[in-house]
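Novice: quick one: sequence plus predicted model below, questions after.
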Amino acid sequence: MSGVVVRIEKIRIQWIKVWKSLIAVAFFSLLAVIAVNLITHTKQQPKIGHAPKNAKQEMLEQKEQIEFFEAKGQKGNLQIRADKHYMGEDDQYHLEGNVEIVFFEKSEGEDIFLYGNEVVYDKEGTKFQFANRSRVQFKDLNLDVSFLEYDADKQMFKSNYPIRFTSERLSGSGQRMLYSLKDRALELNEDIHLEILSDLSPSIPIVLEGDMFSFVKRGKKGKLQGNVRLSHDRSWVTSDCLDFKLTANNENIRTMLFSGNVNASLEESEANPSSVPNKEALHLYGNKREIQAEEVLIQTFLNVPKIRQVSANGDCAFKFMSESGKSIQIKGKSVEFRLNREGELVRFFANKDAEVVERDENGEIQRSIHGDTIAIEEDKNSLITRGKDIIRASVSTGDLDIKAEIINISRKNNNMDASGNVQMIFNTQKEGKQAVGFFSENKPVFITTQEMRYFASQKRFNFSGGNKVWQDKDILFADVLNIHKDTGMVTAEGNISSTFPYVPKDRERKERVTITAEAMSYDPDRDIVHYQGKNTLKVENIVLTAQSVFIHLEKNGGDIKRITAVDDVVITQEQYQGRGQSAVFDMRKETIVLTGDPVLIAKDQGKTAGTKLTFFIADGKIVVENKGRERSVTVIKS
């Protein structure tokens with residue numbers, strides 16, 4: 001009888017640049033710069049004042065090369081220059097040719113410049129219209145638009161026409177814009193396209209696209225809606241909506257929420273080969289990652305531009321791939337990754353029908369972990385899989401399947417614990433693999449227990465609590481069971497009970513042999529199973545007891561060749577009892593031969609001594625042989 005080798009690999013989830021190309025580069029740089037350049041650096045604007053009453057009459061007539069300056073305190077708050085200035089038939093003031101309007105700010109370098117060829121404003125100086133392509137300049141930010149409106153009372157810029165903006169690192173376009181100086185609120189609508197070059201990505205732009213972009217400084221919140229797409233080089237993210245919130249200093253993103261049909265593909269060069277774990281590690285490969293979810297939430301540390309947590313909800317799927325084709329896929333209704341300030345993974349949590357699947361270069365599954373939840377809990381260096389209701393915790397490899405209420409795999413030393421109605425299957429072994437104990441290598445071996453432990457350094461499985469092991473009709477019960485992965489050695493203690501079927505010679509019906517003992521061990525080098533302590537062997541109407549019972553197997557755990565017993569052997573068959581020191585059970589012939597000064601005791605009939613007693617199981621015959629000077633054979637029919 002032989003069995004199956006189990007491949008339990010080290011579970012050690014590492015965070016190797018998982019979000020670098022998209023989050024560290026794109027998310028923080030792009031959205032922060034948009035918010036900073038378009039919103040947060042704009043100080044509170046003064047309301048544009050009216051033209052002086054004594055200047056109104058002079059403006060009724062067309063004037064050329066005019067410069068109008070309205071003072072407000074020590075520094076002016078409005079300056080107008082133009083080639084022409086006149087009152088039109090529409091009862092509006094008109095500025096034409098090289099128009100320049102400057103809104104002065106209290107802080108140096110914060111002034112806003114507006115340039116155009118034609119500007120119309122009302123007599124009160126509260127509503128301005130810039131036509132025939134205008135340009136707005138704030139610091140290094142330039143905004144080009146074919147038509148722009150400004151309402152001084154509402155402190156609102158507005159345009160329903162295509163708009164483009166550029167700066168040293170930022171450029172973009174949209175079809176409509178609304179910007180409130182009062183509320184510090186920005187809206188961009190239709191065909192939004194933003195590009196940015198950051199310090200982390202100086203040559204390849206980060207692109208953000210969508211249907212509507214809005215930001216409110218007061219709540220430090222922004223939103224991009226409709227056909228959202230963020231891309232950088234070969235990496236991209238798409239969703240229905242993106243919500244973000246800035247930190248208190250407005251310099252970094254605090255939270256970012258992608259929602260609605262979130263899909264992502266992140267690509268970059270593989271991590272430094274020296275940092276890639278060996279084949280026993282569960283590695284979140286860094287060459288390419290794919291993400292699917294209904295929403296993905298990204299949170300950073302307070303006032304520190306580093307990711308603290310990534311959470312996803314709604315049929316989540318994270319796939320991590322290497323250049324060689326190996327992959328790890330994580331699934332769950334919700335998935336969470338939590339990092340420390342050094343970027344190390346301190347918590348991982350996949351919830352509701354969670355799954356981790358590892359595949360090799362050919363796409364073949366090497367290992368899968370499944371449960372209601374799969375987690376690396378904070379301050380605990382282990383991967384914990386829990387079952388709930390009909391979903392059980394499970395670990396599967398090509399060699400082994402484990403199911404339990406809880407499965408705990410150490411990330412430190414690769415030890416594994418499984419508890420709660422544990423079920424294990426050692427699958428049929430491939431050629432050259434070590435068999436599972438004395439079971440056949442050509443069929444699966446099943447185990448049920450209350451608790452299983454795997455000791456990686458010893459490559460040993462330990463089972464405790466109502467253990468049952470079986471393969472077809474071969475069954476083993478024990479309180480404690482140990483199976484050594486590499487050598488195939490097996491030991492067991494407490495309430496041992498083994499049952500083996502056999503087919504006697506010239507008979508079709510299978511019979512059973514049952515052996516009970518206090519301890520058992522299997523030596524794969526000798527192909528012998530040894531039972532010790534209060535041993536009992538039962539076959540049909542015969543009961544054998546001895547200090548030790550041995551099962552001799554064919555090479556490498558094959559069929560049973562014979563069963564032997566030694567020391568204080570007692571064989572009972574109905575009213576007869578044979579006593580001796582050694583016995584051999586030939587299962588094919590259905591005979592048990594007792595030697596070692598054997599004595600046959602018949603109830604109420606005395607004793608018969610001989611050199612050998614042979615018990616014939618099929619017909620109940622007992623043969624007593626003497627090989628001394630008075631050679632004789634006595635046949636007794638039980």
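Specialist: That came through fine. Residues are numbered from 1 along each chain as shown.

Novice: low pLDDT regions in the stretch 101-250 of the chain?
Specialist: Judged by pLDDT under 70, the stretch 101-250 of the chain has its weakly predicted residues at 105-110, 198-201, 249-250.

Novice: same question, the stretch 451-600 of the chain
Specialist: Applying pLDDT under 70 to the stretch 451-600 of the chain flags the ranges 556-558.

Novice: touching, residue 302 and residue 246? I think so.
Specialist: No - between residue 302 and residue 246 there is no contact, the gap being 11.8 Å when judged by C-beta atoms under 8 Å. Every C-beta, even on glycine, is put in place using the N, C-alpha and C of the backbone.

Novice: which neighbours do the two have in common?
Specialist: With contacts defined as C-beta atoms under 8 Å, 6 or more residues apart in numbering, the residues adjacent to both residue 302 and residue 246 are residue 254.

Novice: more crowded one of the two?
Specialist: The neighbour count for residue 302 versus residue 246, taken as other C-beta atoms under 10 Å, is higher for residue 246 (23 against 10).

Novice: mind listing what's buried in stretch 190-199?
Specialist: Residues 192, 194-198 are the ones in stretch 190-199 that count as buried (16 or more other C-beta atoms under 10 Å).

Novice: please apply the same query to stretch 498-508.
Specialist: By neighbour count on 16+ other C-beta under 10 Å, the buried set for stretch 498-508 is 498-500, 502, 504.

Novice: so what's the most centrally placed residue in the chain closest to, chain neighbours aside?
Specialist: The geometric centre of the chain, computed from its C-alpha atoms, lies nearest to residue 330 (C-alpha atoms, centre = their mean), at 3.8 Å. With C-beta to C-beta, 6 or more residues apart in numbering as the measure, residue 318 is the residue that lies nearest to residue 330, at 4.4 Å, once sequence neighbours are left out.

Novice: and for residue 148?
Specialist: residue 130 (4.1 Å).

Novice: from residue 417, how far out is that neighbour?
Specialist: Using C-beta to C-beta, to the nearest Å, we find residue 130 at a distance of 72 Å from residue 417.

Novice: pick out whichever of the two has more residues nearby.
Specialist: More crowded of residue 130 and residue 417, by other C-beta under 10 Å: residue 130, with 27 against 18.

Novice: measure residue 518 to residue 481 for me?
Specialist: Counting by C-beta to C-beta, the gap between residue 518 and residue 481 amounts to 14 Å.

Novice: these two: which has the busier surroundings?
Specialist: When neighbours are counted by other C-beta under 10 Å, residue 481 comes out ahead of the other of residue 518 and residue 481, with 25 against 15.

Novice: surely the more buried one touches residue 469?
Specialist: Yes - using C-beta under 8 Å as the test, residue 481 is close enough to residue 469 to be in contact (6.8 Å).

Novice: and for these two, which residues touch both?
Specialist: Common neighbours of residue 481 and residue 469 are listed as residue 447 (criterion: C-beta under 8 Å, 6+ apart).

Novice: and the contacts of stretch 484-493?
Specialist: For stretch 484-493, the surrounding residues in contact (C-beta under 8 Å, 6+ apart) are 2-3, 5-6, 434-438, 458-461, 467, 476, 478-483, 518-524, 529, 557.

Novice: just to be sure, which of those are found in strands?
Specialist: When strands are assigned by DSSP state E, the members of these inside them are 460-461, 467, 476, 478-483, 518-523, 529.

Novice: and the residues you listed, which are buried?
Specialist: 460-461, 467, 476, 478-483, 519-520, 522, 529.

Novice: mind giving me the packing neighbours of whatever helix or strand residue 224 lives in?
Specialist: Counting by DSSP states H and E, the element that carries residue 224 is strand 221-232. For strand 221-232, the packing partners by 3 or more C-beta pairs under 8 Å, 6 or more residues apart in numbering; DSSP states H and E come out as strand 206-216, strand 235-246.

Novice: the residue nearest to residue 291 when sequence neighbours are not counted: how many residues sit nearby?
Specialist: In space, and not counting its chain neighbours, residue 291 is closest to residue 264: 4.0 Å by C-beta to C-beta, 6+ apart. Around residue 264 there are 20 other residues, counting by other C-beta under 10 Å.

Novice: hey, what's residue 264 bridged with?
Specialist: In this structure, residue 264 has beta-bridge partners residue 237, residue 291, where bridges are defined by DSSP bridges.

Novice: check residue 481 too.
Specialist: Legend: beta-bridge partners of residue 481 under DSSP bridges are residue 463, residue 492.

Novice: what residues are up against it?
Specialist: So residue 481 contacts 447, 449, 461-464, 467, 469, 490-492 (C-beta under 8 Å, 6+ apart).

Novice: could you dump those residues into CSV with distance to residue 124 added?
Specialist: What follows is the contacts of residue 481, written out as CSV (distance: C-beta to C-beta, whole Å):
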residue, distance to residue 124
447, 89
449, 88
461, 88
462, 89
463, 89
464, 89
467, 92
469, 94
490, 97
491, 98
492, 98
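
Novice: run through who's touching stretch 187-200.
Specialist: Under C-beta under 8 Å, 6+ apart, the answer for stretch 187-200 is 24-25, 29-30, 33-34, 163, 169-179, 203-214, 224.

Novice: would you confirm that residue 473 contacts residue 499?
Specialist: Yes - distance between residue 473 and residue 499: 7.3 Å, which falls inside the contact criterion (C-beta under 8 Å).

Novice: quick check: neighbours shared by these two?
Specialist: Contact criterion C-beta under 8 Å, 6+ apart; residues bridging residue 473 and residue 499 by contacting each: residue 512.

Novice: tell me the gap between the longest strand anywhere in the chain and the middle of its chain.
Specialist: Secondary structure assigned by DSSP E gives strand 304-321 as the longest strand of the chain. Strand 304-321 sits 10 Å away from the centroid of its parent chain (C-alpha atoms, centre = their mean, to the nearest Å).

Novice: partner strands of it, parallel or antiparallel?
Specialist: strand 288-301 (antiparallel), strand 327-339 (antiparallel).
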